[in-house]
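Asks: Below are the sequence and a predicted model; questions follow.
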Amino acid sequence: MLIFAASLAIFVYGMVASMLGTVNPGLAAKFNLNTVQISYIALSQGIGLVIASVSVGPLLDRKGKKVGLLLGLGLVAGALFMLANASGYATMLVTMLILGVGGGITLTAANALGSDVSESRRAIVLNLLNLFVGLGGLATPFVAGNLLAGDAIRVAYGAAILTSAAFLIQVFTKVPAPAGQGEKRRGSAGIFKVPLLYVLALTVLLYTACEFAVWNWLPNYLISQGIPETRALNILSLGFALALLLGRVAVMPILIRIPPLTVTIGSATLMAITTYATLHATDPNTAGIAVFCAGLAMAPVFPTTIALVGDLFKSGTATAIGFTITCGFTGVVVSSPVIGWLSGPDPKGLGSGLMILPVCSLTMVGLYLLLRIRLARPQPAAL
């Protein structure tokens, strides 16, 4: 039941992750929003994610993961109902902030719950769990584009109803109460003296910047290249989101034979290649293939890196994971305005702004290689 509870919450987070990109075209047209304004809406969501990941750790330790899941899902449901009734730009900023807080709490609580299932197979369990991000991310734009005609209000209402149902299921799901944390707290402070934590946190920051850039900006970019809105949403769902789902399924047997760090190095390298190819695709079919390949490349990175954190930090594990996720969401805060500023008010300038995708991916390769070199040396006792 722990896996079921965590998977359901992660599915909701997948809907949250793809929500802005899905409703962007409709709301941008409704409220006459330009690219820079949309970037600030994405920034608002990113700030909410950071606030959640910073604050939720102590709550989970004291009150338990079920309280975190219920709080996160409740905020997400409320924000989605607000989004469906948004009256303008200011309302959207507030709504996306709340949606970010709820999504961040949900993701952190679900990953912490999943991490408790099996320490020996943590990377496999977290990849299994996080494939539901892809499932939620696939469902939202697919249903929006093919069943709801891209109607942002109907999309938000539908997601709000599903999230409310997930909330009710969590109410009746038995989740273990928090165990005593005295021993873990005594060892938590030392983790911030270990440089490897910051290397891992920076890789997650760069990865999250890339993933949310795709969720938030890909449909608008494809539409600016002359691709119809329904086709663009299908590329996001059946291309990127489906690839995330399939990639996390496919990598699980690979992780049995190949070390997690090797998997992340290969994935980051492929991210650089495929994201560059996406931005240079000349037709919808080529773009769809490139986006699908980019999703496959990205799929293992986040859960496998979080598993590396859990494996490396035997004491203060929850603190280390929480700090890493916080840094990851900081990537959303930083990347969203950067993409908007580089792109300018003209939607056709998005190609320039999205070049941060291959640049961040190449930087990740360098960081993972640095991590491999450092791990080959004797490590301090704090780990």
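Replies: Happy to help now that I have it. Numbers count the residues shown, from 1 in each chain.
Asks: which is the next helix or strand following the helix or strand bottoming out on mean pLDDT in the chain?
Replies: When each helix and strand of the chain is scored by mean pLDDT, DSSP states H and E, helix 182-188 comes last, with a mean of 49. Using DSSP states H and E, the helix or strand that follows helix 182-188 in sequence is helix 195-224.
Asks: Buried residues, the strand or helix carrying residue 96. List them.
Replies: According to DSSP H and E, residue 96 maps onto helix 89-115. The neighbour-count check on helix 89-115 (16 or more other Cβ atoms under 10 Å) flags 92-93, 95-115 as buried. The way it works is simple: take the backbone N, C-alpha and C, and place the C-beta from them, glycine included.
Asks: try stretch 22-32
Replies: By neighbour count with 16+ other Cβ under 10 Å, stretch 22-32 contains the buried residues 22-28.
Asks: same deal with stretch 239-259?
Replies: Those would be 239-248, 251-252, 255, for stretch 239-259 by 16+ other Cβ under 10 Å.
Asks: Now pLDDT too, for those, in CSV please.
Replies: Formatted as CSV, those follow (pLDDT from 0 to 100):
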residue, pLDDT
239, 93
240, 93
241, 87
242, 91
243, 93
244, 90
245, 88
246, 92
247, 93
248, 90
251, 93
252, 91
255, 92
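Asks: And these, which is closest to residue 335?
Replies: Minimum distance to residue 335 across those is 16.3 Å, recorded for residue 240 (Cβ to Cβ).
Asks: In this structure that closest one contacts residue 218, no?
Replies: Yes - with contact defined as Cβ atoms under 8 Å, residue 240 and residue 218 form a contacting pair (6.7 Å).
Asks: Tell me the secondary structure of residue 176, please.
Replies: Put simply, residue 176 is coil when judged by DSSP: H, G, I helix; E, B strand; the rest coil.
Asks: likewise residue 56?
Replies: helix.
Asks: returning to that earlier point: now, which of the buried residues of stretch 22-32 sits nearest residue 34?
Replies: The nearest member of the buried residues of stretch 22-32 to residue 34, counting by Cβ to Cβ, is residue 28 at 7.9 Å.
Asks: could you check the angle helix 89-115 makes with whichever strand or helix holds that closest one?
Replies: Counting by DSSP H and E, the element that carries residue 28 is helix 2-31. Counting by axes from the mean of the first three to the mean of the last three Cα atoms, to 10 degrees, helix 2-31 lies at 170 degrees to helix 89-115.
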